[in-house]
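J.: Here is a sequence with its predicted model. Questions after.
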Number of protein chains: 2
Amino acid sequence: MDGEGKVKAARRPRAETPRGFRDYFGAEVSERSAMLDAIAAVYHAHGFDPLETSAVETVEALGKFLPDVDRPNAGVFAWQDEGGDWLALRYDLTAPLARVVAQFRADLPQPYRRYAMGPVWRNEKPGPGRFRQFWQCDADTVGAASVAADAEIVAMLAEALEAAGIARGDYRLRINNRKVLNGVMEAAGVLDPADPARFAAERGVVLRAIDKLDRLGEEGVRALLGAGRRDESGDFTPGAGLSGDQAAIVMGFLAAKGSDGAVTLARLAGLVGSSSTGAEGVAELAEIAALLGARGIGEDRAEIDPSVVRGLGYYTGPVCEAELTFEVLDEKGRPRQFGSVAGGGRYDDLVRRFTGQSVPATGVSIGVDRLYAALAAKGRAGQGRAGGPVVVTVMDRDRMADYFAMAAELRAAGIRAEVYLGNPRNFGNQLRYADRRAAPVAVIQGSDEAARGVVTLKDLVLGARIAEGASLEEWKARPAQQEVGRAGLVAAVRAMLSGR
Amino acid sequence: MDGEGKVKAARRPRAETPRGFRDYFGAEVSERSAMLDAIAAVYHAHGFDPLETSAVETVEALGKFLPDVDRPNAGVFAWQDEGGDWLALRYDLTAPLARVVAQFRADLPQPYRRYAMGPVWRNEKPGPGRFRQFWQCDADTVGAASVAADAEIVAMLAEALEAAGIARGDYRLRINNRKVLNGVMEAAGVLDPADPARFAAERGVVLRAIDKLDRLGEEGVRALLGAGRRDESGDFTPGAGLSGDQAAIVMGFLAAKGSDGAVTLARLAGLVGSSSTGAEGVAELAEIAALLGARGIGEDRAEIDPSVVRGLGYYTGPVCEAELTFEVLDEKGRPRQFGSVAGGGRYDDLVRRFTGQSVPATGVSIGVDRLYAALAAKGRAGQGRAGGPVVVTVMDRDRMADYFAMAAELRAAGIRAEVYLGNPRNFGNQLRYADRRAAPVAVIQGSDEAARGVVTLKDLVLGARIAEGASLEEWKARPAQQEVGRAGLVAAVRAMLSGR
């Protein structure tokens, strides 16, 4: 561990994050943190308590409940502990919640409302914009069977998005219900309530098919409901073998969205026929819509939309997805809708893995990095935040205490400020440093200025605007420079900052 | 992935965190977050930028630079990636910083000031109060060779502790310098500047011995400097073989603290004799003291103390340790000083691993969990924070929309509020729930009250004070209950809350 002369022989390590991992710098960290604080305040006001679980869980406790059926091979990062236990990084915030509820049920309030925010890890193939560590922000209510709990989650999500900076009109919450789908399955003859194991294989194919609606379109899903589908590469995926009439019922569910919620609900009631589960699902959707309406959340913000199918295989009751409706440019410069930033629903079986008892639960998960990207796309990130620090330059390295005193005075007045700490010999380097730091003002005091009791202030905002094009000479010649008495330093800097 | 009937056959998993890991609940999460926000504000004001690195690094990039020489077997959690790379969880925030500086040096300002906060992981034997995941909060300046950078870190640490809620007088910063120790080694004849490899083994023994000063005391260290030491179990540790005169020089260093900084510096100057490195170290300590003094940080807050030896083997220049000086009771009820909560110093060799070029760096790391424990011990955590939510009870489950409207009105007035979401049948359960949530007020509106346009408010603060001793009957009989008009709900709750 002695620092002396140990490294010379070793091959130099690569200075890289592992593939699929990244770092976050500067404003992105603090702006994301401010966004999460705003969301946390909404959750907290609703009576939700924060919970921060361990990042590491036993593989046994985590289980294999990754919600995305599109990627059944999706994995976790796992390793064997010295004691023989297999440990893993959490892949979401829901599985740890189920473990916490099972472990601490005697000590937690019933129902237990909690929010959580932090990184999760997925051992998946990374791709553009797809990382193996990313942040989630979840809110869940455990122990409440009532659909009022689902409605609360949806309403709170709307408030959270607005608190984060997404304007009303820029988002839409789409609500569906797994129970309605189950009713549709009954009506289509692939679910027998008296014998749930029957047709399980067919239902699996149906679920996987409708989960692919976004990607394959109606035609592709219809093929998978029937005989099967051959893709462009020639690969054939066997279908569920439904008849045309049966498939029409399922397709009718996906396309049941009407001109308003009442029309949609009436259509769904027709589609589920005599299924009591289906009728229950339709009634739940009606109640959620009524509770949202009573809270002033109309169909312009939250609507029943049976084409929301993502997660229907995972959840057991109402599901919700938050979409951002404004357009951004994709990597090829084409406009496209920003899309989903949050999703959730009711999952009543997660705690049963541990305790054998079914515990009703409902919640939502916000994709933090996507939401932050949306704010950045709207130009809302970075608004109203302090920029770079005032940089106090060093003209005379024996007078560091004086320069530190200037910076401390500025900070005491609420102005971010620092002293240049590189080698002060080359003054051009100091100005380039200030520029790179996005400093609004540089403070300069050489020995002659010190003797006269003055400091020179350079307004760098204009310089930043002139930008990379200007030469150092032009930049130095700018008139935006003034000499003020040392005692007037703080007042003069403040005037420069507010004068922008 | 179909939720139906999959779990019945499987053995139930244990609902437990892995050994050495823990969860954080409720107020501890939000109070720790508030504490970190206060520290971040100090760092940000000083011109430091936030950095959040990936939790996962390649083992190659992390290296094996765990700072604590007492535990050379201290390990990391590591696993092999599918591509063959070994990945690991970061064990501190400094090694990732070195990787970032090497990876992004062209894009970072020079010098680069950054702060970071987050969990780190150590694959060590857990013990009471010793976890395998814990939070650190670091600030570092990379690329500044000047001792002014070290002084800034020390001064900023004092401000950060005060911002976190540690009162002046409750902490002491102790400063030492590895260069002075090296000078002492020269004077003691175990370091030859002309041949640094000579006596390396002896110096290793000396470093390990003085790092154990806290545990073994002067006598134990003296034995290890000389012939060696036999501990109570009979195990013998060979010593460095220093003569009595040589050992006296090293022991003199550890005991050199005088009545004030000037006395200490004079003693150190004598001990290092003609060593130029030693003289440089003494001059650096003098300059740090002068810069701190100029900032109004006197010896009551930061003092030169050569007995600070923790980390001397790891760092290359000035080192600093922050101790909390107030007493707490240990697990056996005996008073003891709270002790160290932060430490740091100059480490000029970390980036060289990657680039071959030595990059000067200095920084400090705060043990977040220990600092939070200190605030809790002083009763400062939880001050001024909102407690439990107002709980709107459910008397009539068909009127959920009305109850939600009441909670929303309260929240709009800045009052944390929630609707009871468990089964409303047993009203006693609702009151017990409100009690467990530390609710200050319960709102009650049955159908008769709704018909009359009133609500009943129950003040639960007094009830909480009567505490577990009181029966539900006594509790119900308390007079702290009032009926108010529905339109006056918010005003009446606010009056109850402020009347406390």
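T.: Noted; the coordinates are in hand. Numbering: from 1, shown residues only, chains lettered A, B, ... in the order given.
J.: For the rest of this, base every contact and every neighbour count on C-alpha atoms.
T.: Will do.
J.: and A:Thr237, what element?
T.: strand A:236-238 (DSSP states H and E).
J.: Spatially, what comes nearest to the closest residue to chain B within the stretch 351-500 of chain A if we skip its sequence neighbours?
T.: Per Cα to the nearest Cα, A:Arg416 is where the stretch 351-500 of chain A lies closest to chain B, at 4.3 Å. Nearest residue to A:Arg416, sequence neighbours excluded (Cα to Cα, 6 or more residues apart in numbering or on different chains): B:Ala45, at 4.3 Å.
J.: Give the full set of residues in contact with that neighbour.
T.: A:389, A:411, A:414-418 (Cα atoms under 8 Å, 6 or more residues apart in numbering or on different chains).
J.: Show me the two of the residues you listed that sit farthest apart.
T.: Greatest spacing in the contacts of B:Ala45, by Cα to Cα: A:Gly414 and A:Glu418 (12.5 Å).
J.: For the residue lying closest to A:Gly387 once chain neighbours are set aside, which three-state class applies?
T.: Spatial nearest neighbour of A:Gly387, excluding adjacent residues (Cα to Cα, 6+ apart): A:Ala438 at 6.8 Å. Secondary structure, DSSP: H, G, I helix; E, B strand; the rest coil: A:Ala438 is coil.
J.: Once you drop chain neighbours, what's closest to the residue of the stretch 51-200 of chain A found nearest chain B?
T.: Closest residue of the stretch 51-200 of chain A to chain B, Cα to the nearest Cα: A:Thr53 (4.3 Å). Distances taken as Cα to Cα, 6+ apart place B:Asp23 nearest to A:Thr53, at 4.3 Å, with adjacent residues excluded.
J.: what number of residues lie near A:Leu108?
T.: 16 (other Cα atoms under 10 Å in any protein chain shown).
J.: For it, what is the enclosing helix or strand?
T.: Per DSSP H and E, there is no helix or strand for A:Leu108.
J.: again with the one 10 residues further on
T.: When elements are assigned from DSSP H and E, A:Gly118 belongs to strand A:112-121.
J.: list the helices and strands the helix or strand that that strand is followed by packs on?
T.: Reading on from strand A:112-121 to the C-terminus, the next helix or strand found by DSSP H and E is strand A:133-142. When contacts are defined as 3 or more Cα pairs under 8 Å, 6 or more residues apart in numbering or on different chains; DSSP states H and E, strand A:133-142 packs onto strand A:112-121, helix A:147-164, strand A:361-367, helix A:368-377.
J.: hmm, 10 Å instead?
T.: helix A:26-45, strand A:49-52, helix A:94-104, strand A:112-121, helix A:147-164, strand A:335-346, strand A:361-367, helix A:368-377 (3 or more Cα pairs under 10 Å, 6 or more residues apart in numbering or on different chains; DSSP states H and E).
J.: Burial-wise, tell me which of the ones you listed comes out on top.
T.: strand A:361-367 (a mean of 25; mean count of other Cα atoms under 10 Å in any protein chain shown).
J.: Run the angle between that one and strand A:133-142 for me.
T.: Inter-element angle recorded for strand A:361-367 and strand A:133-142: 160 degrees (by axes from the mean of the first three to the mean of the last three Cα atoms, to 10 degrees).
J.: Averaged pLDDT, strand A:361-367. What do you get?
T.: Averaged over strand A:361-367, pLDDT sits at 96.
J.: can that strand be found next to chain B?
T.: No: Strand A:361-367 stays clear of chain B (Cα under 10 Å from any Cα of the partner chain), getting no nearer than 11.3 Å.
J.: Just checking: what are the partner strands of that strand?
T.: strand A:133-142 (antiparallel), strand A:335-346 (antiparallel) (DSSP bridges).
J.: mind giving me CSV with those strands and columns for mean pLDDT?
T.: Shown next, in CSV, are the strands paired with strand A:361-367 (pLDDT from 0 to 100):
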stretch, mean pLDDT
strand A:133-142, 97
strand A:335-346, 93
